[in-house]
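Chemist: Have a look; sequence and predicted model below, questions after that.
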Amino acid sequence: MAAVELDTVCPGSVQRLRALADEALRHEVDLLGARVSLGAEVDWHRDYVSGFRWPPVSYRRLDVHGFDAPSDVKFPWEVSRFQWVLPLAQTYRLTGDDRLASEARLLIESWIDANPYATGVNWACAMDVAIRLAVWTWLFKAFWQSDAWADAAFQDRFLRSVFVQARFVERNLEESDLNSNHYLADAAGLVFAGLFFSGGPTPRRWSELGWAILMKEAPLQVLPDGVDYEGSVSYHRLVLELLFFPALYRKTLGLEVPRDYWDRLVGMAKFVAAYSDPRGECPLVGDADDGRLLPLGTQTIRDHRYLIGLVGVAADDRPLCDASSGALDEVYWWLGKSACAALRGAAGPPTVGAAFRDSGFYVMRHSRGHVFIDGGPVGLAGRGGHGHNDCLSFEATLDGVRLVTDSGTSTYTRAPSERDRFRSTEAHNTPRVDRRELNRFVGPRMLWALRFDARPEILEWRCGANQTRFRARHSGYQRLPEPVMVTRTISLEHRSSVLAVRDEISGSGRHYVEVPLHLAPGVEVVGVEPGRIRLAAEGRSFFILWSGDPVWRCEVASSFVSASYGVREIRSCLRWSAASEVPLNLSYAIAPEAPEAECDWQRWLNVR
């Protein structure tokens, strides 16, 4: 009956879950861009991609953030988070197949055997221990009545392991002078563990400590406009989950969650609704390691829209519920069939622009167009964090087709040079001057730090019925011996879906200026004429017309894009360049194919 019910709510979800459960039974995982077989006996300390095996020594002796090991430490961490095991529990709840419960039990016993307390790579990051706590407690709730989990000796061993892992998190909280999602994850894990055990002074201390941290950190890490301050769309999703699911757990048990806490989550979900494009995809802005707390849905990794409905129903926010869209399977697993019914027929995300002024993100939107602009400071309150050198960069979907994207992340410590390449100015749709970074890198081993050189100033934001307009500048190149200022104007006409961009490079001296435009995968450059470029995508034609000072040259190049962590592919890139005295001006306009009479190109190219 449950399977029929879920398929009614979200057609195809049951089939996808069963396929994922079958993969988990075979120990096949698709993690961090790699599809691998873990073998009959899982080696919990191994990076299956590189073959490197982390030694079973005290976690304090492991340099997991160094660059000496030829490994991505995230791989054993991700395997040990057990999120790939969740489809076993979900499918068990749908079918009652005890094989699934037995396999989950064997995996947990194997992990406990291979990971003595505080020994090995899977204890090296408290965040990952905390996420495992949340997942294991959910697995127990799903399986505890199964025949495979009824054994008292196994239950005792399981509960002891959960207890010591929670104690480890409490003793190794990732607190600093400026906290991040790691500290929130630690707190969320403590809330889950404390509420899971429910009784006794120690679990009560965990749940109260974790909740106090979340209450304190929420207004510090989430800006008043509802955006996580780390400068990343993907991490915004993770932070929202880390704040939301502990609150939902408390609400389910009848414990208080203050209204202002819910209001902050509503603000975060409104940002999700704004940044999701007409197809439901999020922008590739800032870092993205695809991290989640308890993933129960079968939607693609870049579809964050489930959070709109989850938060809307849990927070009893009708406008947010009305903005819900996308698959409802996550809502079904967390809130049940009635919540899904309440979201059916929702209008979906708004089709008007939105300004998130505290974070500096701006969204131009109409029914078939979506432009996401980063006009904000570097992430983590100016320290870099998960932010990139993307000030004044943008992504664009025009007439329903995604045409322009940022570059994504690709990797972290496994390849430091690639990490820097993907967060560099050159990898984003924003001007670069004299081949310099708009925010300087701090050092070769400081992969989450940037200088705060590019301080943005928003000069205009106007969102009208027929046109949305953004104008801003930044100070990133004021540090040059002959300083220059970069000013960008972006306009979107709703009726014609024409996007116009004008860059003004002002100051003094002679400079080399590049203006890249990274096209989305699948967008082809099929024709280049002076001042005119033709694109083809999804069976459609689009044109780019451009003009500026005579010194500008335009070339068709290629660049890498990473749609999810560990994956990269080549796509086309346009790059304008000029070596000249400043000031320099460049304008280009992108539009769907249409009779020339319908497009006043000169008006758009002269946008001020």
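Modeler: Perfect, thanks for sending it.
Chemist: name the element Ala500 belongs to?
Modeler: Here Ala500, judged by DSSP states H and E, is contained in strand 498-507.
Chemist: List the buried residues of that strand.
Modeler: Val498, Leu499, Ala500, Val501, Arg502, Asp503, Glu504, Ile505, Gly507 (16 or more other C-beta atoms under 10 Å). No exception for glycine: its C-beta is placed from N, CA and C like everyone else's.
Chemist: With pLDDT as extra columns, can I get those in a markdown table?
Modeler: Below are the buried residues of strand 498-507 laid out as a markdown table (pLDDT from 0 to 100):
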| residue | pLDDT |
| --- | --- |
| Val498 | 94 |
| Leu499 | 96 |
| Ala500 | 97 |
| Val501 | 98 |
| Arg502 | 98 |
| Asp503 | 98 |
| Glu504 | 98 |
| Ile505 | 98 |
| Gly507 | 97 |
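Chemist: which regions of the stretch 1-150 of the chain lie under the pLDDT threshold?
Modeler: Across the stretch 1-150 of the chain, the ranges flagged by pLDDT under 70 are 1, 66-69.
Chemist: same deal with the chain?
Modeler: If you take pLDDT under 70 as the line, the chain has these spans: 1, 66-69, 594-608.
Chemist: Try it again at 50.
Modeler: 597-598 (pLDDT under 50).
Chemist: Whatever helix or strand comes next after the strand holding Ala500 packs against which elements?
Modeler: Toward the C-terminus, strand 498-507 is succeeded by strand 510-518 as the next helix or strand (DSSP H and E). Strand 510-518 makes packing contacts with strand 432-433, strand 498-507, strand 553-561, strand 569-581, strand 584-592 when contacts are defined by 3 or more C-beta pairs under 8 Å, 6 or more residues apart in numbering; DSSP states H and E.
Chemist: Quick check on the residue lying closest to Pro592 once chain neighbours are set aside: phi, psi?
Modeler: Among residues not flanking Pro592 along the chain, Asp399 sits closest, at 4.4 Å (C-beta to C-beta, 6 or more residues apart in numbering). The phi/psi pair for Asp399 (degrees, to the nearest 10) reads phi 50, psi 40.
Chemist: For Gly345, which of the helices and strands packed on strand 510-518 is the nearest?
Modeler: strand 584-592 (30.2 Å; C-beta to C-beta).
Chemist: What is that closest one packed up against?
Modeler: Counting by 3+ C-beta pairs under 8 Å, 6+ apart, strand 584-592 packs on strand 394-398, strand 498-507, strand 510-518, strand 540-548, strand 569-581, helix 601-605.
Chemist: taking these together, which one is wrapped up most tightly?
Modeler: Ranked by mean neighbour count, these are led by strand 394-398 with a mean of 25 (mean count of other C-beta atoms under 10 Å).
Chemist: so what secondary structure elements neighbour that strand?
Modeler: strand 369-374, strand 401-404, strand 498-507, strand 584-592.
Chemist: run the last query once more with 10 Å
Modeler: Applying 3 or more C-beta pairs under 10 Å, 6 or more residues apart in numbering; DSSP states H and E, we find strand 394-398 packed against strand 361-366, strand 369-374, strand 401-404, strand 484-493, strand 498-507, strand 510-518, strand 584-592.
Chemist: Can you tell me the strand partners of it and which way each runs?
Modeler: strand 369-374 (antiparallel), strand 401-404 (antiparallel) (DSSP bridges).
Chemist: Of these, which is nearest Gly531?
Modeler: strand 401-404 (18.6 Å).
Chemist: For that closest one, list the C-alpha coordinates in CSV.
Modeler: The C-alpha coordinates for strand 401-404 follow below in CSV (Å, rounded to 0.1, in the frame of the first residue of the first chain):
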residue,chain,number,x,y,z
VAL,A,401,17.1,27.1,-22.5
ARG,A,402,20.1,27.3,-20.2
LEU,A,403,22.8,29.1,-22.1
VAL,A,404,25.4,30.5,-19.7
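Chemist: Buried residues in it, which are they?
Modeler: In strand 401-404, counting by 16+ other C-beta under 10 Å, buried: Val401, Arg402, Leu403, Val404.
Chemist: Could you chop the chain up by domain?
Modeler: Per automatic domain parsing, the structural domains of the chain span 1-166, 354-605.
Chemist: ok so, going back, just send the strands paired with strand 394-398 back as TSV, with distance to Pro246 too.
Modeler: Formatted as TSV, the strands paired with strand 394-398 follow (distance: least, C-beta to C-beta, whole Å):
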stretch	distance to Pro246
strand 369-374	29
strand 401-404	34
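Chemist: To Thr411, which of those strands lies closest?
Modeler: strand 369-374 (21.4 Å).
Chemist: Can you list the buried residues in whichever helix or strand comes after the closest one?
Modeler: Using DSSP H and E, the helix or strand that directly follows strand 369-374 along the chain is helix 379-382. Neighbour counts over helix 379-382 (16+ other C-beta under 10 Å) mark Gly379, Leu380, Ala381, Gly382 as buried.
Chemist: tell me the contacts of the second one?
Modeler: Read it as Leu380. The contact partners of Leu380, taken as C-beta atoms under 10 Å, 6 or more residues apart in numbering, are 178-180, 221, 228-232, 235, 386-387, 448-450, 452.
Chemist: Give me the buried entries from those.
Modeler: Here, 16+ other C-beta under 10 Å leaves 179-180, 221, 228-232, 235, 386-387, 448-450, 452 buried among the contacts of Leu380.
Chemist: thinking again about what came up before, can the buried residues of strand 498-507 go into TSV with extra columns for distance to Val121?
Modeler: Output for these, formatted as TSV (distance: C-beta to C-beta, whole Å):
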residue	distance to Val121
Val498	52
Leu499	46
Ala500	51
Val501	46
Arg502	50
Asp503	46
Glu504	50
Ile505	48
Gly507	49
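Chemist: between the residues you listed, which is nearest Trp138?
Modeler: Using C-beta to C-beta, the buried residues of strand 498-507 come closest to Trp138 at Leu499, 43.5 Å.
Chemist: For that closest one, name its beta-bridge partners.
Modeler: Under the criterion used (DSSP bridges), Leu499 bridges to Leu492, Ile590.
Chemist: show me the contacts for it.
Modeler: Residues near Leu499 by C-beta under 10 Å, 6+ apart: 364, 369, 371, 394, 396-398, 403-404, 468, 490-493, 542, 544, 588-591, 604.
Chemist: Which stretch among the helices and strands packed on strand 394-398 approaches Phe422 most closely?
Modeler: So among the helices and strands packed on strand 394-398, strand 510-518 is nearest, using C-beta to C-beta, at 11.3 Å.
Chemist: Just the angle for the closest one relative to strand 553-561, thanks.
Modeler: Note on geometry: by axes from the mean of the first three to the mean of the last three C-alpha atoms, to 10 degrees, strand 510-518 and strand 553-561 are set 50 degrees apart in direction.
Chemist: Can you say which helix or strand has Cys321 in it?
Modeler: Using DSSP H and E, the element containing Cys321 is helix 318-322.
Chemist: Tell me which residues are up against that helix.
Modeler: Contacts for helix 318-322 (C-beta under 10 Å, 6+ apart): 265-267, 269-270, 272-273, 307-315, 339, 342-343, 345-350.
Chemist: What distance do you get for Ala2 to Ile108?
Modeler: Applying C-beta to C-beta, to the nearest Å, the value for Ala2 to Ile108 is 24 Å.
Chemist: ok, the two, which is more surrounded?
Modeler: Per other C-beta atoms under 10 Å, whichever of Ala2 and Ile108 has more neighbours is Ile108, with 22 against 14.
Chemist: what are the phi and psi angles of that one?
Modeler: Dihedral angles (degrees, to the nearest 10) for Ile108: phi -70, psi -40.
Chemist: what's the nearest residue to it if we skip its chain neighbours?
Modeler: Phe158 is the one closest to Ile108 (C-beta to C-beta, 6+ apart), at 6.4 Å.
Chemist: three-state assignment of the one you found?
Modeler: helix (DSSP: H, G, I helix; E, B strand; the rest coil).
Chemist: Please report the distance of it from Val79.
Modeler: Counting by C-beta to C-beta, the gap from Phe158 to Val79 is 19 Å.
Chemist: Looking at those two, which one has more neighbours?
Modeler: Using other C-beta under 10 Å as the criterion, Phe158 and Val79 rank with Val79 on top: 26 against 21.
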